[in-house]
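Student: build the 3D model from these lines:
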Amino acid sequence: MKIVQLTDPHLVPKGEQLKGIDPEARLRACLSDMAKYHSDAVALVISGDIADLADRPSYELFRDVASEFALPRLHMTVGNHDRRSTFGEIFPQHLAADGYAHSRFDLDDHIGLLLDTWTSGTHAGALDRARLDWLKSQLADGEHPILMFMHHAPVRVGLKRLDHIALQHEDELWETIAPFKSRIRHMFFGHMHRNVAGSWRGIPFTVAAGLTHQVMLDFETELVRHVEVEPAYTVILVNERDVVVHPHSIRDNRVIDIAPNTAPLPSAA
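Tutor: Residues are numbered from 1 along each chain as shown. Got it, this is the predicted structure:
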């Protein structure tokens, strides 16, 4: 089974740039690559920060660009740069009946759970009692193995500013999922704008790099220091034994053709 994850597009209105970067061009590059090479994926998960300033034109731009490509089945949630109300106006099908951008979806013989960690007034994430109760009910429903997706991670990774804006109240999340730990095969996050992997309380996790700017590896500063790299998304392969995660960057590679060399090779002497 193949799943693709794209996170943190940070779209701005058409024709504008973000920190000297064109998010629309990067989105098109990734979606075109997905449509060409990964149309066999069972799902495309967008794990938040779709718009940089939560403005309607940027959400409309994402909708319009995505509609141009033959993509896997789309599942979307919000991040700290989004606004759930505006997101819901453009993507009402990605809001649950309770108003949150969380969902449960079938992944062959697995279950996908996409959580909504957006919290008003902060760049950190949190799950209130309503969302934790929803999560508990989904975990308790059935016996299939589970893959979890969310924007904010409950993990502290040693980057000071990122650790300040991680998912808060991680003990409450753990108390909710601990009884079901044996069925949670992997957790997938966004938000950090860099590739990170490890385990949280014994559960393997992967953080996907963002589509636009990415965060430098700097353990000293309280700032978020960004560096421009290639647009990227993640390809996830799952079977009954293994979960394999491929971070994939879109590069404009220069092909170097080397003509056959007809000169004789040097002798062994």
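Student: and stretch 176-196, what's buried?
Tutor: In terms of neighbour count (16 or more other C-beta atoms under 10 Å), stretch 176-196 has its buried residues at 176-177, 184-196. Quick note: C-beta positions are derived from backbone N, CA and C, even for glycine.
Student: any idea which of these is closest to residue 216?
Tutor: residue 194 (8.1 Å; C-beta to C-beta).
Student: the worst-scoring helix or strand of the chain on mean pLDDT: what's the following helix or strand?
Tutor: Ranked by mean pLDDT, DSSP states H and E, the helix or strand of the chain with the weakest confidence is strand 226-227, at a mean of 81. Using DSSP states H and E, the helix or strand that follows strand 226-227 towards the C-terminus is strand 232-238.
Student: so how far is residue 182 from residue 202?
Tutor: Using C-beta to C-beta, to the nearest Å, residue 202 is found at 10 Å from residue 182.
Student: show me what stretch 62-75 is in contact with.
Tutor: With C-beta atoms under 8 Å, 6 or more residues apart in numbering as the test, stretch 62-75 has contacts from 3-4, 9, 11, 24, 27-28, 31-32, 34-35, 38-39, 41-46, 50-51, 90-91, 94, 103, 105, 112, 114, 149.
Student: in helices, which of those fall?
Tutor: Mapping the contacts of stretch 62-75 onto helices (DSSP state H) picks out 24, 27-28, 31-32, 34-35, 90.
Student: quick one: buried ones out of those residues?
Tutor: 24, 27-28, 31, 34, 90.
Student: from the chain's centroid, how far away is the least confident helix or strand of the chain?
Tutor: Chain-centre distance of strand 226-227: 18 Å, with C-alpha atoms, centre = their mean, to the nearest Å.
Student: sorry, back to before: among the contacts of stretch 62-75, the buried ones, what's the PyMOL command?
Tutor: Entered in PyMOL, the line below selects the buried ones among these, by 16+ other C-beta under 10 Å:
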select buried, resi 3+4+9+11+24+27+28+31+34+38+41+42+43+44+45+46+50+51+90+91+94+103+105+112+114+149
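Student: which SSE is residue 248 in?
Tutor: strand 243-249.
Student: that strand - contacts with which helices or strands?
Tutor: Counting contacts by 3 or more C-beta pairs under 8 Å, 6 or more residues apart in numbering; DSSP states H and E, strand 243-249 packs against strand 184-189, strand 232-238.
Student: for whichever helix or strand comes after the first one, C-alpha coordinates in CSV please.
Tutor: Tracing the chain C-terminally past strand 184-189 and defining elements by DSSP H and E, one meets strand 196-200 next. Once non-C-alpha atoms are left out, strand 196-200 reads as follows in CSV (Å, rounded to 0.1, in the frame of the first residue of the first chain):
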residue,chain,number,x,y,z
VAL,A,196,12.7,14.3,11.5
ALA,A,197,12.1,10.7,12.6
GLY,A,198,12.2,8.7,15.8
SER,A,199,9.8,7.3,18.3
TRP,A,200,7.4,8.9,20.8
